[in-house]
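>>> Fold the following.
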Amino acid sequence: MFASTARLARQARDEGYAVAAVNILDDLSLRAVVAAAAATSSPVIIQVSVKTVRSTGVELLTTMVRLAAADAPVPVALHLDHCPYRDVISAVVAAGWSSVLFDASDRDLATAERETAEVCAEAHAAGVDVESEIENIVGVEDDIGSDEAVHAYSVQTLVDVAARTGADLIAPQLGTAHGLYTHDPVLLPERVRELVALTDRPVVLHGGTGLSDEDFRAFIDAGVSKINISTGLKLAYMRAAQAHTAKAEQTGRWDPPSMFADISAAVQAEVAGHLHRFGSAGRVEGR
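Okay, here's the model as predicted:
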């Protein structure tokens, strides 16, 4: 049984920390993320991109995470990350995932609101939470998104749309971006304060990789309670693989299981670091 994403985020908000939502790539990264959460006694949200859903398949992903969550001594939620495609959302809702991010940021406001309400009705009927994004968070990740700000709305509009559609979490533009930063971002923690003054829905921070500990603390203190990490995991994964294969070239020792162990250790260390930064470590005393 997967944990509720909204419930984990609400508890984090109430207790002054943020729950990490980490994008996995395969079973190796999945097991490393869950191991990091277990080692730090932290709740965790496993996120999956549309690209990974399509390459691996909903059934296999669901089974993998269900087995990993069943053995974990901490709550584990399963979340579909940025998804503008209704068919993919329907597939994971039917499979019983914890939540979906319906990315309607490429639609005009009226269309975004109408379709978000439809997604919420479908998801809630199956006990699945919905994260809403109607103004785009800059950056392209796993082939979804835009490097330009397409839609931006007032805080009041975000709150009103969430209330009318029934969305469980809100993903606003907070000055962050997906991918690696090429220059210092202009961060907007004050926008989080404005949101939490108007709604009790959890606020989500996207584009977390590359921010400082002080940046994360400022957002959490302002009211952010779910923080997404994707690029950091990818870098840890691929740099560990790169280092291992470089060593294999030198030594002539080609042993994939040894490379898998190196990748797992690197990913686990990367994720554990974020769990400590977000203040979620040590929050789970027992299931």
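>>> The strand or helix carrying residue 92 packs against which elements?
Assessed by DSSP states H and E, residue 92 sits inside helix 86-94. Applying 3 or more CB pairs under 8 Å, 6 or more residues apart in numbering; DSSP states H and E, one finds that helix 86-94 contacts helix 50-56, helix 58-71, strand 76-83, strand 99-103, helix 109-125. Backbone N, C-alpha and C define where each C-beta goes, glycine included.
>>> Give the buried residues for it.
88, 89, 91, 92, 93 (16 or more other CB atoms under 10 Å).
>>> Dump these to a markdown table, plus distance to residue 247 and pLDDT.
Converted to a markdown table, the buried residues of helix 86-94 look like this (distance: CB to CB, whole Å; pLDDT from 0 to 100):
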| residue | distance to residue 247 | pLDDT |
| --- | --- | --- |
| 88 | 39 | 98 |
| 89 | 42 | 98 |
| 91 | 40 | 98 |
| 92 | 39 | 98 |
| 93 | 44 | 98 |
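>>> With distance to residue 212 as extra columns, can I get those in TSV?
Shown next, in TSV, are the buried residues of helix 86-94 (distance: CB to CB, whole Å):
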residue	distance to residue 212
88	34
89	34
91	38
92	33
93	36
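>>> Pick the one among those closest to residue 76.
residue 92 (15.4 Å; CB to CB).
>>> Poorly predicted segments of the stretch 51-200 of the chain, please.
137-150, 178-185 (pLDDT under 70).
>>> in the helix or strand encompassing residue 157, what's buried?
Element membership for residue 157 (DSSP H and E) is helix 155-165. By neighbour count with 16+ other CB under 10 Å, helix 155-165 contains the buried residues 155, 158, 159, 161, 162, 165.
>>> For the next helix or strand after that helix, which outside residues touch it?
Toward the C-terminal end, the helix or strand that comes next after helix 155-165 (DSSP H and E) is strand 169-170. The contact list for strand 169-170 (CB atoms under 8 Å, 6 or more residues apart in numbering) reads 5-6, 9, 99, 129-132, 158-159, 162, 195, 199, 201-204, 226.
>>> End to end on stretch 35-45, go ahead and measure it.
The first residue of stretch 35-45 is 13 Å away from its last residue (CA to CA, to the nearest Å).
>>> What average pLDDT does it get?
Across stretch 35-45, pLDDT averages out at 98.
>>> Report the buried residues of it.
35, 36, 37, 38, 40, 41, 42, 43, 44, 45.
>>> One more: stretch 278-287?
Neighbour counts using 16+ other CB under 10 Å place 278, 279, 280, 281, 283, 284 of stretch 278-287 among the buried residues.
>>> can you list contacts of the helix holding residue 92?
Residues external to helix 86-94 that are found in contact with it (CB under 8 Å, 6+ apart): 50, 53-54, 58, 62, 80, 83, 100, 102, 115, 119, 122-123, 126, 128.
>>> Which members of these are the farthest-apart pair?
Farthest pair in these (CB to CB) is 62 and 115. Separation: 24.0 Å.
>>> before we move on, back to that, same list as before, the buried residues of helix 155-165 that is, but in CSV and with distance to residue 272 included.
Formatted as CSV, those follow (distance: CB to CB, whole Å):
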residue, distance to residue 272
155, 34
158, 33
159, 34
161, 36
162, 32
165, 36
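>>> of these, closest to residue 231?
Closest to residue 231, out of all of the buried residues of helix 155-165 and judged by CB to CB, is residue 158, at 24.8 Å.
>>> in what helix or strand does residue 36 lie?
Here residue 36 sits within helix 27-39, counting by DSSP H and E.
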